[in-house]
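> need coordinates for the following:
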Amino acid sequence: MSHPWRSRGEKRTIAVEYQPSESILAYLTDMRDALRMALVYAYVMAREDNSRLPSPIALRRRFREWFYLRYGYARHHINPVCRNGVALLRSYKRRHKRLEIPEVKRLAVRIDAELFKIEQEQGNEGGPVSARITLQPFRYGYITFTPRHRRWEEYSRGAGWTEEAANAPNENVYTKYMFEETVI
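Alright, predicted model coming up:
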């Protein structure tokens, strides 16, 4: 018997190059800063609990007030920040055998499925594709790109997008899309 939350399909990641807008760069910077603060909150919670890391839900309960007062983004943006904060702290603790706050430099964020939508014009196969990211209710940021992956059509047809990860290394900017095909 498999775990009820286990993926029932095959996940694929496609990296595409895009040029970020000012709003997307500001969003990525804000999420990096929020992740740094989430790491501090998770570290303090772990120190209070004898080096036992908090769950993302417990971190979100304590971190929520700071996040909502500082940022005006949609409410769901706190979820991946807390998940990534706990995951980073857990992997750092496992690798270094001690509990410390890791340094976060990269502009990168995972975006939940309810916060983005992939849009492509009907009949315009092979043309530009836009990922619409909900920043606030009825305020969106767009990432527009032309998919050049040789199997883009096959992967994106009939697939349900599960999450998006956007990152901005030094000069090259990439976004990754992971989608899961449901097997019936």
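
> count the residues that sit near His149.
By the criterion of other CB atoms under 10 Å, His149 has 14 neighbours. For glycine as for every other residue, the C-beta is placed from the backbone atoms N, C-alpha and C.

> swap that for Thr146, sorry
Thr146, neighbours per other CB under 10 Å, totals 12.

> what's near enough to touch it?
Thr146 makes contacts with Val16, Gly126, Gly127, Pro128, Val129, as judged by CB atoms under 8 Å, 6 or more residues apart in numbering.

> which members of those residues are positioned in strands?
In this view, the contacts of Thr146 that belong to strands under DSSP state E are Val16, Val129.

> any of the contacts of Thr146 buried? List them.
Among the contacts of Thr146, the ones that count as buried by 16 or more other CB atoms under 10 Å are Val16, Val129.

> so can I have a markdown table of the contacts of Thr146 showing pLDDT?
Putting the contacts of Thr146 into a markdown table (pLDDT from 0 to 100) gives the following:
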| residue | pLDDT |
| --- | --- |
| Val16 | 73 |
| Gly126 | 67 |
| Gly127 | 76 |
| Pro128 | 83 |
| Val129 | 82 |
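
> distance to Ala38 added to the contacts of Thr146, as TSV?
Converted to TSV, the contacts of Thr146 look like this (distance: CB to CB, whole Å):
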residue	distance to Ala38
Val16	28
Gly126	40
Gly127	38
Pro128	34
Val129	31
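
> from the contacts of Thr146, which is closest to Gly141?
Val129 (14.9 Å; CB to CB).

> report the contact partners of Pro80.
Counted by CB under 8 Å, 6+ apart, Pro80 has contacts Val109, Arg110, Ile111, Asp112.

> tell me how far the residue nearest the centre of the chain lies from Arg83.
Central residue of the chain (CA atoms, centre = their mean): Arg110, 0.5 Å from the mean position. Per CB to CB, to the nearest Å, Arg110 is found 8 Å from Arg83.

> picking up where we left off before, can you say which of the contacts of Pro80 are buried?
Members of those classed as buried by 16+ other CB under 10 Å are Val109, Arg110, Ile111, Asp112.

> name the element the first one belongs to?
What it means is Val109. strand 107-112 (DSSP states H and E).

> pull the distance from that strand to the chain's centre.
3 Å (CA atoms, centre = their mean, to the nearest Å).

> now it - C-alpha only, CSV.
Extracted in CSV, the C-alpha atoms of strand 107-112 (Å, rounded to 0.1, in the frame of the first residue of the first chain):
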residue,chain,number,x,y,z
LEU,A,107,16.8,34.9,-5.2
ALA,A,108,14.6,31.9,-5.4
VAL,A,109,11.0,31.0,-4.4
ARG,A,110,8.7,28.1,-4.8
ILE,A,111,5.1,29.1,-5.6
ASP,A,112,2.1,27.0,-4.7
